[in-house]
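>>> Mind looking at a prediction? Sequence and model below.
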Amino acid sequence: MQIRSHSEEETLNLGKALAELLCPGMVVALYGDLGAGKTALSRGVARGLGIAEPVTSPTFTVVQEYRTPGGIWFYHLDMYRITDEQAALAFGIEEYLFADNAIAVVEWPERIGGLLPPGAVLNITMTHAGENQRWLELPDDIGAHLATSQR
Amino acid sequence: MIVLGIESSCDETAAAVVRNGHDVLSNVISSQMALHAGYGGVIPELAAREHLRNISPVVQEALAAAQLTIADISAIAVTSSPGLIPALLVGNAYAKGLAAAQGIPLIGINHFLAHIYGSFLGQPEILADRSSYPILALVVSGGHTAIVLIEADGSARILGSTLDDAAGEALDKAAKILGLGYPGGPVIDRIAKTGNPQAYAFPRGLTGAGGKAVKPEHRYDFSFSGVKTALLYAVKDKTLDEAGMADAVASYQEAVMEVLVSKAMTAASDFAAPLICCCGGVACNSRLRALMTKETARLGRRLLAAPPKFCTDNAAMVAGLGWHYLRKGLVDDLAMGVEARLNRSLGVLPFASG
């Protein structure tokens, strides 16, 4: 189903609501063009997991690691600069995608589609719906929970 | 004392040999090395296993270029944070092995502080001069955008940093949006020279310029995700001719650089910093250098811009900073770990005057 976010702040709140549904070992594959709001949604997930520090773009660093107050890790990955699966394996991506004490969000996951852990991936696609508005395409059950949180 | 520096925190494998913290005897970066036959001609953008392949030849080359052998080295300094863990581990394991085999000290280096130190590599007298302090450092690269204050006793703190994208990333993503290729920094710099920087009114994030008040805690912080989105919508469904493209690029670059400069100058005034240093990959940008030169002159401050070869990732800054720790006896042991994140409490720097 699709959900419309009307602002960056709303995207942040959707991320917070999404965090309630995630458990360790899960990977969120976050698709969408430049400026579609992927990092804003990821920041919301981090906030939902109790991470208070700034959540900055992982484009250059490739991975940003955060420790949650609950003791698990939040890995924020960005495959924007990673050309293909081979390059991802070369830097050791499996350490982040198959960690059982971590929740991972991966931006630009299409670059490494074959490496995402089967059965543990939640796919979300973000698209532009105007300068401030965005569409989120996501599985029905997850979408229903998020839509409830918007009210 | 001669220190061998090793850097493998991100894309580049680098090694350098530096005497007494400032005399750079060699400075080798894998991507700039003549490729050996076995490399196949291409070094992927980012690969820990490439570090593994590069590290030994790069270190050998650094020693050879300095006309030294490993027996001449007093200590080994290696970047241990922040960075990509698998990449950092390669450099650290290599450095530990070498230090243990040679029986010489090992020093873990914070890459972010090494960038700041890079500004002073050729000019140790500035660091020794008490009247330079407090020093204000603007650290601008693909991964970092921050303002740091260094007191005369070496205590340093981050006054502000980006809340979302780094300045270098903002340039790279703009180049992507405009179809100008990668890396975006140099191409934006070049194209902007022929454009009108006032052609588009792009937002100046966290400056209050858009009429949105800036919270006091964000006085020295940055935000560049808004300007990226503004560019996206400004050029959407438009076909830009050469002049139109130059105008868009120049206006965008101006929006990014103006914020960097104005925030740095605000901090310099607030903390009465006589010296402002500018380092990191974006410090190569000619417009940033021009604006910094103009504004520091206007405010009667001294500007120290890192030489371009020490702006981008390199190991000379690592070896140079390492010497200062060595001199103070602040060395690590083989139990030293690596850290992905930048520790925001920077502690006391070993190179200040006090």
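Noted; the coordinates are in hand. Predicted model only: the values in this text are computed from it and were never measured. Residues are numbered from 1 along each chain as shown, chains lettered A, B, ... in the order given.
>>> Outside of stretch B:50-68 itself, which residues are in contact with it?
Stretch B:50-68 is contacted by residues A:90, B:2, B:4, B:6, B:8, B:13-17, B:25-30, B:33, B:36, B:39, B:43-44, B:69-70, B:73, B:87, B:90-91, B:94, B:98, B:315 when judged by C-beta atoms under 8 Å, 6 or more residues apart in numbering or on different chains. Yep, even glycine has a C-beta here, placed from its N, CA and C like the rest.
>>> In strands, which of those residues fall?
Counting by DSSP state E, the members of the contacts of stretch B:50-68 that fall within strands are B:2, B:4, B:6, B:14-17, B:25-29.
>>> which among the contacts of stretch B:50-68 end up buried?
A:90, B:2, B:4, B:6, B:8, B:13-17, B:25-30, B:33, B:43, B:73, B:87, B:90-91, B:94, B:98, B:315 (16 or more other C-beta atoms under 10 Å in any protein chain shown).
>>> which ones are touching B:Q253?
Applying C-beta under 8 Å, 6+ apart to B:Q253 gives the contacts B:171, B:188-189, B:192, B:197, B:285, B:287.
>>> Give me the nearest residue to it, chain neighbours excluded.
B:A192 (4.4 Å; C-beta to C-beta, 6 or more residues apart in numbering or on different chains).
>>> Point out where chain A drops to low pLDDT.
Per-residue confidence for chain A (pLDDT under 70) gives no ranges below the cut-off.
>>> State which one residue of the stretch 251-354 of chain B is found closest to chain A.
For the stretch 251-354 of chain B, the residue closest to chain A is B:A340, as judged by C-beta to the nearest C-beta, at 4.5 Å.
>>> That residue: what secondary structure?
With DSSP: H, G, I helix; E, B strand; the rest coil as the basis, the three-state label of B:A340 is coil.
>>> any idea how far chain B is from the closest residue to A:G70 other than its chain neighbours?
Nearest in space to A:G70, with sequence neighbours left out and distances taken as C-beta to C-beta, 6+ apart, is A:G50 at 6.6 Å. The span separating A:G50 from chain B equals 16 Å under the rule C-beta to the nearest C-beta, to the nearest Å.
>>> Tell me who's in contact with A:G50.
If you count contacts by C-beta under 8 Å, 6+ apart, A:G50 has them with A:68-70.
>>> What about these, which one has the most neighbours?
Of all these, the highest neighbour tally under other C-beta atoms under 10 Å in any protein chain shown goes to A:T68, namely 17 neighbours.
>>> you'd agree that residue is up against A:Y75?
No: with contacts defined as C-beta atoms under 8 Å, A:T68 does not count as touching A:Y75, sitting 11.0 Å away.
>>> Now render the ones in strands among the contacts of stretch B:50-68 as TSV, adding pLDDT.
Conversion of those to TSV gives the following (pLDDT from 0 to 100):
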residue	pLDDT
B:I2	98
B:L4	98
B:I6	98
B:A14	96
B:A15	98
B:A16	98
B:V17	98
B:L25	97
B:S26	97
B:N27	96
B:V28	95
B:I29	93
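>>> what helices or strands is the longest strand anywhere in chain A leaning on?
Counting residues, the longest strand in chain A under DSSP E turns out to be strand A:121-128. For strand A:121-128, the contact count by 3 or more C-beta pairs under 8 Å, 6 or more residues apart in numbering or on different chains; DSSP states H and E identifies strand A:27-32, helix A:38-48, strand A:134-137 as packing neighbours.
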